[in-house]
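Student: predicted structure and sequence below. I'll ask about it afterward.
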Amino acid sequence: MDLDWSALGQVTAVSLGVTVAVVVVFALGVLGLARYEGAREEGGADGGTSTLGMAQAGLCFLACAAVVAYGIYLIVPQFH
Amino acid sequence: MDHITFLVAVVIVTALAFDFTNGFHDTANAMATSIATGALKPKVAVLISGVLNVVGAFLSTEVAKTISGGIVDDTLVTPGMIFAGLIGAILWNLLTWLVGLPSSSSHALFGGLIGAVWVGAGSDGVHFDKVVEKILIPAVASPVVAGLAALFATYLAYKLTARARKQSVTKGFRLGQIASASLVSLAHGTNDAQKTMGVITLTLISAGALGHDAGPPVWVIASAGLAIGLGTYIGGWRIIRTMGKGLTEIESPQGFAAETASTTVILTSAHLGFALSTTQVASGSILGAGLGRRLAEVRWGVAGKMVVAWLITLPAAALVGGVSAAAVKHGGNFGTVVVALIGAAVAAGIVMLSRRNPVHANNVNDHHEVAIRTEPPATVGTAA
């Protein structure tokens, strides 16, 4: 029996890294969204915060969407 | 179609039945957390998951070259053994569903096959070193890896969003959950429907109805995809309740972290050629997500029962598979019919039992326990 420890290690490292990265980036996006919605609710007095929050949310969600697209690419054999 | 003997026809029907139980057993893997956090309405969740499973089935053209991936000696496998193995797997899937425990459908299938081959062709037909390498090691490693990933991710998600508007945070992560849960469903369809297609195709090849190296005919792809999709849509609500509510109370950031961890572990292992159980990965992720949120209650009793179910899945399915194989071996077509009828009767009995305390789309989130009422009934048939 030959156990592929390096493959197992790779799965562990990649899974940990990707999961944490995606969730952190998504959380930052949610943070931006919260800032945007919060600023808008307070009556739009702080236009800067609102736009900045929106931009942050947009960027972060876009990055996550890219990861999802790569996931679909990995799942669908026709793309390979 | 001269080559399709009685036995081959029975194997195909049984394989599709297994595929169906596979689908409804595994709905929870993708959708339990989304249903528990309210990211998706229960009915919508199972519909999305069902459709994506069918899509996944059609996308996966590369059918498994061997039924078992080398766990048993494929040259010794006869349609009768496949049938016996499938019966073992189906009954185990139904029994664990009744008690609401997520157990691996792949392990049930492998277990059934191992038992059937052991009885049918002797213990030499089973490659025990491969069993350790392909089943035992991934079974231990994958939930731990997924759990750790979900734990760290959950911890950071809560840390980062601690001071933000609660309302926006919940909404944002709920939206994210829809995407991550859908990915799990799609990956499930490409993997698990393929298993049944492989079983049917190899049975047809061994019966001479298809040439060697033949791919699955369109009707095989379509029926396997529909069986798993329909099973997913019917939804194993008992298991969904255990995974979404039973292990821990899940909030949307945890759900998102758990689903992301499951997706990455499944995809990276598939990419590197590790076979693993979606069920165990998803359970590990949910536990990790439960631990990652401080003060979240993890019900270790439920987790413990689940681990016990994982441990006995393979031997239990192997036992039923072995007994069935003995009947098929010595009884021929008559034995096959008897096994099929007994299997159907036990399955019907289990469904009857579940009716006494049904779990469905409308009450799945009401409680965290799946109970079968324990007072001894006068007759089993009086399920109201």
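Tutor: Cool, the structure landed.
Student: how about the helix or strand bottoming out on mean pLDDT in chain B: buried residues?
Tutor: One helix or strand of chain B scores below all others by mean pLDDT, DSSP states H and E: helix B:128-131, with a mean of 84. Of all the residues in helix B:128-131, those buried under the rule 16 or more other CB atoms under 10 Å in any protein chain shown are B:Val131. In short, each C-beta sits where N, CA and C put it, glycine included.
Student: any bit of it sitting next to chain A?
Tutor: Yes - using CB under 8 Å from any CB of the partner chain as the criterion, contacts between helix B:128-131 and chain A involve B:Asp129, B:Lys130.
Student: and that helix, how far from the chain's centre?
Tutor: Centre-to-centre, helix B:128-131 and its host chain are 21 Å apart (CA atoms, centre = their mean, to the nearest Å).
Student: list the contacts of whichever residue of the stretch 1-150 of chain B sits closest to chain A.
Tutor: Per CB to the nearest CB, B:Ala149 is where the stretch 1-150 of chain B lies closest to chain A, at 3.9 Å. By CB atoms under 8 Å, 6 or more residues apart in numbering or on different chains, B:Ala149 lies in contact with A:Ser15, A:Leu16, A:Thr19, A:Val20, B:Thr260, B:Ala261, B:Thr264, B:Val265, B:Ser285, B:Gly288.
Student: ok, then the element right after the helix or strand containing it?
Tutor: With elements taken from DSSP states H and E, the one containing B:Ala149 is helix B:137-160. As assigned by DSSP H and E, the chain's next helix or strand after helix B:137-160 is helix B:166-206.
Student: let me know the next secondary structure element after that next one.
Tutor: Per DSSP H and E, the helix or strand that comes after helix B:166-206 is helix B:218-234.
Student: and that next one, what does it pack onto?
Tutor: helix B:6-37, helix B:42-59, helix B:166-206 (3 or more CB pairs under 8 Å, 6 or more residues apart in numbering or on different chains; DSSP states H and E).
Student: relative to helix B:137-160, how tilted is the last one?
Tutor: Between the direction of helix B:166-206 and that of helix B:137-160, the angle (axes from the mean of the first three to the mean of the last three CA atoms, to 10 degrees) works out to 160 degrees.
Student: what does the second one give?
Tutor: Orientation of helix B:42-59 against helix B:137-160 (the same axes, to 10 degrees) gives an angle of 130 degrees.
Student: return the distance of the next helix or strand after helix B:42-59 from the chain's centre.
Tutor: As assigned by DSSP H and E, the chain's next helix or strand after helix B:42-59 is helix B:79-98. Here the centre of helix B:79-98 is set off from its chain's centre by 12 Å, with CA atoms, centre = their mean.
Student: need the contact list for B:Pro315.
Tutor: Here B:Pro315 is in contact with B:Gly111 (criterion: CB under 8 Å, 6+ apart).
Student: try A:Glu41
Tutor: So A:Glu41 contacts nothing (CB under 8 Å, 6+ apart).
Student: any idea of the pLDDT on it?
Tutor: We have a pLDDT of 79 for A:Glu41.
Student: over to B:Met197?
Tutor: 87.
Student: burial count for it?
Tutor: Using other CB atoms under 10 Å in any protein chain shown, B:Met197 has 26 other residues around it.
Student: what's the distance between it and B:Gly100?
Tutor: 29 Å (CB to CB, to the nearest Å).
Student: from the contacts of B:Ala149, which land in strands?
Tutor: If you go by DSSP state E, these have nothing in strands.
Student: now do the buried residues in the longest helix seen in chain A.
Tutor: Ranked by residue count, the top helix of chain A under DSSP state H comes out as helix A:5-41. For helix A:5-41, burial by neighbour count (16+ other CB under 10 Å) applies to A:8, A:10-12, A:14-16, A:18-39.
Student: state the pLDDT value of the residue nearest to B:Ile234 when sequence neighbours are not counted.
Tutor: Nearest in space to B:Ile234, with sequence neighbours left out and distances taken as CB to CB, 6 or more residues apart in numbering or on different chains, is B:Phe24 at 5.1 Å. The score at B:Phe24 is 88. That number is its pLDDT.
Student: just for chain A, where's the confidence low?
Tutor: Scanning chain A for pLDDT under 70 picks out A:1-3, A:43-47.
Student: what parts of it come near chain B?
Tutor: Going by CB under 8 Å from any CB, the residues of chain A near chain B are A:1-3, A:7-8, A:10-12, A:14-16, A:18-20, A:22-24, A:26-31, A:33-35, A:37-38, A:64, A:68, A:71-72, A:74-78.
Student: switch to 6 Å and redo it
Tutor: A:1, A:7, A:11-12, A:14-16, A:18-20, A:22-24, A:26-27, A:30-31, A:33-34, A:37-38, A:68, A:71, A:74-77 (CB under 6 Å from any CB of the partner chain).
Student: now for B:Ala150: which residues touch it?
Tutor: Contact analysis of B:Ala150 by CB atoms under 6 Å, 6 or more residues apart in numbering or on different chains lists B:Ala257, B:Ala258, B:Ala261, B:Ser285, B:Gly288, B:Ala289.
Student: mind putting the residues you listed into JSON lines with neighbour count, distance to B:Gly236 and pLDDT?
Tutor: Shown next, in JSON lines, are the contacts of B:Ala150 (neighbours: other CB atoms under 10 Å in any protein chain shown; distance: CB to CB, whole Å; pLDDT from 0 to 100):
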{"residue": "B:Ala257", "neighbour count": "38", "distance to B:Gly236": "23", "pLDDT": "96"}
{"residue": "B:Ala258", "neighbour count": "40", "distance to B:Gly236": "18", "pLDDT": "95"}
{"residue": "B:Ala261", "neighbour count": "35", "distance to B:Gly236": "21", "pLDDT": "95"}
{"residue": "B:Ser285", "neighbour count": "37", "distance to B:Gly236": "18", "pLDDT": "95"}
{"residue": "B:Gly288", "neighbour count": "29", "distance to B:Gly236": "22", "pLDDT": "94"}
{"residue": "B:Ala289", "neighbour count": "34", "distance to B:Gly236": "21", "pLDDT": "94"}
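Student: just the ones of those residues in helices?
Tutor: Checking the contacts of B:Ala150 against DSSP H, those in helices are B:Ala257, B:Ala258, B:Ala261, B:Ser285, B:Gly288, B:Ala289.
Student: make CSV out of the residues you listed and add distance to B:Gly231.
Tutor: Listed next are the ones in helices among the contacts of B:Ala150 as CSV, based on distance: CB to CB, whole Å:
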residue, distance to B:Gly231
B:Ala257, 27
B:Ala258, 23
B:Ala261, 25
B:Ser285, 22
B:Gly288, 27
B:Ala289, 26
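Student: those residues: which ones sit near chain A?
Tutor: Within the ones in helices among the contacts of B:Ala150, those near chain A by CB under 6 Å from any CB are B:Ala257, B:Ala261.
Student: per-residue pLDDT, B:Phe173?
Tutor: The model's pLDDT for B:Phe173 equals 95.
Student: ok, the closest residue to it other than its chain neighbours - contacts?
Tutor: Of all residues not flanking B:Phe173 in the chain, B:Ser252 sits nearest, at 3.8 Å (CB to CB, 6+ apart). With contacts defined as CB under 6 Å, 6+ apart, B:Ser252 is in contact with B:Thr37, B:Thr170, B:Phe173, B:Arg174.
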